[in-house]
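> Following is a predicted model, sequence given first.
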Amino acid sequence: MAYFLKKTKQKNRTYLAIYESFYSHDKKGTAHKCFKSLGSVETHIENGIEDPLEYFQKEVDALNKAKTDSGTKKISDKSPVLYLGYFALKSIMDKLKIKKYVDYFKLTTDFEYDLFELLSSLAYARSVSPCSKSRTFHEVLPSLFHSYDYSYDQLLSGLSFIGSNYEKFVEIFTSQVESIYGVDTSKTYFDCTNFYFEIDREDDFRRKGPSKENQKSPIVGLGLLLDSNQIPIGMKMYPGNESEKPVLRDVIANLKRQNNITGKTIHVADKGLNCAQNIAFSKTNGDGYLFSKSVKGLSESEKVWVLLDNGFKEVKDKKGNILYRYKSCIDKFPYTVEHDGKKVTVSLTEKRLLTYNPDLAAKKRFEINRMVEKAKSLTVSQAKKNDFGESAKYVSFTDGKGKNATVSINQDAIDKDLLFAGYNLLVTSEVAMTDQDIYSTYHNLWRIEESFKIMKSDLDARPVYLQKEDSIKGHFLICYLAVLLERVLQFKIMEDQYSSSEIFDFIRNFKATKAESKYINTTTYSDIIDNLSNRFGLPLTNYFLTETQIKSIFNQKV
C-alpha cells in the first residue's frame, strides 16, 4: 500500500500527519493508520518553513519510493554474468598437476597468497576476456565461476615473480605436458616475432629494432618453439635489437638440453630464419632442417631450372581446379659458413621442392602492378624519395639524395618480380621425404603464425604498458600458458577438429547469468558446444543450469 499526507483542522489550526494505508483482514479492505504526527501548519510557518504542505509531501514521496524500491530487486555492483568456458582449460591444468611444482616456490619465498591460484586464474582470465591487468583484476576475475583471494598489489607482485622465473615455469609445463599428453619432437616448428611498447625511451630490455609491424617504438623479441603437433614446448624472450637467427640456435639447444631430447629434430622455419649458420648448426647437432628460400635470390643456373616448364606435377581440388604445381630435385648446394673465425664454403646434399600456386601468382601480380602504378604517379609528381615507401624498389634514384632525387621506373626489377610471382622453394636436408611430406610439413608452419596471432590479437598481448622487465615477461608467460592450454585442448582433446579461433570463441562466449537460484545459459548454439556436450555428457546446451550442474562441468575430466 502507500503513504499519504493527511490534513485535520482543529480550533482554527491545521494539523498534518503522515498516514499509511494497508490491507485489513478484519475489514477485508483498505484501512489506514497514523505513521507520523507532524504538528500544525501554523507552527511550521513560524519556524521558517514557508510551505509545510509541499515540504512534508516530499517526505511522503520519499517514503513511497523507498517502499516501492524495497519490493523491487535492484541491480548489484557485481555483474551477474559468469564466464564458464574456461572449464576445459582448468581441467587440463588440474590433470597436468602443476600446483605441486609451483608450491615448491613457497619454500624460498614468503608469499601471502597462493601463487598457483594467481598463475592459473590469470591464464583463465586472459583466455575468456583479454584486457589490462587492472581491468582483469576488477572486472574479469570477479566474473569467473571460481573466486580467487589475492589483492591487486599481490597480482602485480606475483606477475613480476613469475616473470623473473618464466623459463622455469615454461620448463615445468613442458615436462608435464610431455608426461601426461606426450610431446613429439621428431620435428619442431620455430618462429620469432616482436611486440612494441607505448614508450619513447629504450631500456636494457625494450630496444629499438626491426619491427614486423613497422613500429618505431622500442620492441621485445619472442621466439616460440612447438612440437610436431604444434604444442608449445618453449619460449624465449630477448631484447628487440638482437637478431632472430641466433635465437633459433639458442632456444633449440636449450630446450633439447632441458628436456633431454636426443633424437633427430627437423627445424622448420620461414625464409627469415634461413641462413647458412642455422643450417650448419642443424647439421652439426645431428638434426635436419626444412626452410623456405627466396627464388629471386637463387643463382642463374637454378633460376633456369625454376622456369623450365617440364617435370611439374599438379594437385587439383575436387572440381578439377589446379591448387598448385610442384617438382623436386636432389643435388649438392654450396653454403658459406664461419668456422674458427674464417668463412668456409661447404657443399650440402639437399632436396629442393619448387611449387607454383596460380592464385598466389595472380595476387602477387596484382600487388606488384598496384605498387608500379603508385611509383609511376609519384614519379610524375616529382615526390620525395621517402614518399615512395615499398614501391621504391621499382624506381631508380639517379642522384642518391633524399629530398628531390631524379627518379625513373626500374623495368628490370618489375619484370623480375612478375616473372617469379607465385613460385616458392623449399629446401631440406631430409632427402628421403616425399614431396607431399615436405609440402605439408612446411605449410603446417601457419600454426606458428596462428599462435602469434592468438597472442597479438585474440589474447591482446600488445601493445604492452607494463614497465618492469619481470612484469613484461610475466605478462607474456600468461599469454604463452593460455596458448598452451588451448593447443592441448585443440589437438589432444578435440583431435584438431576445430580451429583455434573456434575454440577461443567457445571459451569466451560460454557464459551464464545468475537469476535467483538458477543460471541462464546465454551461449549461442554451435557445433563445438554440441560436440563437447555429447563427448563428455555435460549439460552445456541446457537453457537453465543449476549450481550443482555447473560444478559438475568444472569437475569433468577432459
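Great, that's in hand. This one's a predicted model, so the numbers in the text were calculated from it and none came from an experiment.
> and after the longest helix anywhere in the chain, which helix or strand comes next?
Ranked by number of residues, the top helix in the chain under DSSP state H is helix 358-380. Later in the chain than helix 358-380, the nearest helix or strand by DSSP states H and E is strand 395-397.
> How far off centre is that next one?
Relative to its chain's centre, strand 395-397 lies at 41 Å (CA atoms, centre = their mean, to the nearest Å).
> and for it, what are the contacting residues?
375, 378-379, 385, 388, 405-410 (CB atoms under 8 Å, 6 or more residues apart in numbering). (C-beta placed from N, C-alpha, C; glycine too.)
> which parts of the longest strand belonging to the chain are buried?
Ranked by residue count under DSSP state E, the longest strand found in the chain is strand 322-339. Using 16 or more other CB atoms under 10 Å as the test for burial, strand 322-339 gives 324-328, 333, 335, 337.
> ok, of the residues you listed, which one's closest to residue 108?
residue 337 (43.7 Å; CB to CB).
> List the residues that contact the closest one.
Residues in contact with residue 337 (CB under 8 Å, 6+ apart) are 276-277, 279-280, 343-344, 346.
> Residue 441 reaches residue 289, doesn't it?
No - counting by CB atoms under 8 Å, residue 441 sits too far from residue 289 to count as a contact (11.3 Å).
> Contacts for stretch 52-65, please.
Contacts for stretch 52-65 (CB under 8 Å, 6+ apart): 2-5, 7, 16, 18, 35, 38, 41, 44-45, 49.
> sorry, back to before: now for the longest helix of the chain, which elements pack on it?
Helix 358-380 sits against strand 395-397, strand 407-409, helix 411-419, with contacts defined as 3 or more CB pairs under 8 Å, 6 or more residues apart in numbering; DSSP states H and E.
> Those into JSON lines, with extra columns for mean neighbour count?
JSON lines is the format used below for these (neighbours: other CB atoms under 10 Å):
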{"stretch": "strand 395-397", "mean neighbour count": "17"}
{"stretch": "strand 407-409", "mean neighbour count": "15"}
{"stretch": "helix 411-419", "mean neighbour count": "14"}
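> Nearest to residue 176, out of these?
Closest to residue 176 of these is helix 411-419 (CB to CB; 48.3 Å).
> Now do that closest one against helix 358-380: the angle between them, please.
160 degrees (axes from the mean of the first three to the mean of the last three CA atoms, to 10 degrees).
> For whichever helix or strand comes after helix 411-419, which strands pair with it and how are they oriented?
Moving toward the C-terminus from helix 411-419, the next helix or strand (DSSP H and E) is strand 423-428. The pairing partners recorded for strand 423-428 under DSSP bridges are strand 288-293 (antiparallel), strand 342-356 (antiparallel).
> what's the most buried one of these?
Highest mean neighbour count among the strands paired with strand 423-428 (mean count of other CB atoms under 10 Å): strand 288-293, with a mean of 22.
> the bottom helix or strand of the protein by mean pLDDT?
Least confident helix or strand, the chain: helix 446-453 with a mean of 66, by mean pLDDT, DSSP states H and E.
> From the contact counts, what lies against the next helix or strand after that helix?
For helix 446-453, the following helix or strand on the C-terminal side (DSSP H and E) is helix 469-487. Using 3+ CB pairs under 8 Å, 6+ apart, the elements in contact with helix 469-487 are helix 87-96, helix 115-128, helix 152-164, helix 166-180, strand 219-226, strand 232-239, helix 500-509.
> sorry, back to before: just the contacts of residue 337 now: which is nearest residue 106?
Once CB to CB is applied, the member of the contacts of residue 337 that ends up nearest residue 106 is residue 277, at 42.9 Å.
> sorry, back to before: got any residues that touch both of residue 441 and residue 289?
Common contact partners of residue 441 and residue 289 (CB under 8 Å, 6+ apart): 266, 268.
> Distance of residue 6 relative to residue 63?
13 Å (CB to CB, to the nearest Å).
> Now do the shared contacts for the two.
Overlap of the contact sets of residue 6 and residue 63 (by CB under 8 Å, 6+ apart) consists of residue 18.
> Check the spacing between the nearest residue to residue 80 once chain neighbours are set aside and residue 87 real quick.
Once flanking residues are discounted, residue 80 sits nearest to residue 514: 4.4 Å by CB to CB, 6 or more residues apart in numbering. Per CB to CB, residue 514 is found 17 Å from residue 87.
> Looking at these two, which one has more neighbours?
For residue 514 and residue 87, the more surrounded residue by other CB atoms under 10 Å is residue 87, and the numbers stand at 24 against 16.
> residues in contact with that one?
Residue 87 sits in contact with 145, 510, 553-554, 556, where contact means CB under 8 Å, 6+ apart.
> Reformat those as a markdown table; add secondary structure, distance to residue 534 and pLDDT.
Shown next, in a markdown table, are these (DSSP: H, G, I helix; E, B strand; the rest coil; distance: CB to CB, whole Å; pLDDT from 0 to 100):
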| residue | secondary structure | distance to residue 534 | pLDDT |
| --- | --- | --- | --- |
| 145 | coil | 22 | 92 |
| 510 | coil | 15 | 96 |
| 553 | helix | 14 | 95 |
| 554 | helix | 18 | 95 |
| 556 | coil | 13 | 90 |
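> Which one of those residues sits in the busiest neighbourhood?
Tallying neighbours with other CB under 10 Å puts residue 510 at the head of those, with 25 neighbours.
> shouldn't it be in contact with residue 84?
Yes - if you go by CB under 8 Å, residue 510 and residue 84 touch, sitting 5.0 Å apart.
> what about the closest residue in space to residue 290 that isn't next to it in sequence, how many residues close to it?
Distances taken as CB to CB, 6+ apart put residue 428 closest to residue 290, at 4.2 Å, once the chain neighbours are dropped. By other CB under 10 Å, the residues close to residue 428 number 22.
> and what of residue 256?
Residues contacting residue 256 under the criterion other CB under 10 Å number 19.
> my read is it is in a helix, agree?
Yes - applying DSSP: H, G, I helix; E, B strand; the rest coil, one finds residue 256 inside a helix.
> residue contacts, it?
The contact partners of residue 256, by CB under 8 Å, 6+ apart, come to 185, 262, 265, 285.
> And it, what's its pLDDT?
Note for residue 256: predicted pLDDT of 74.
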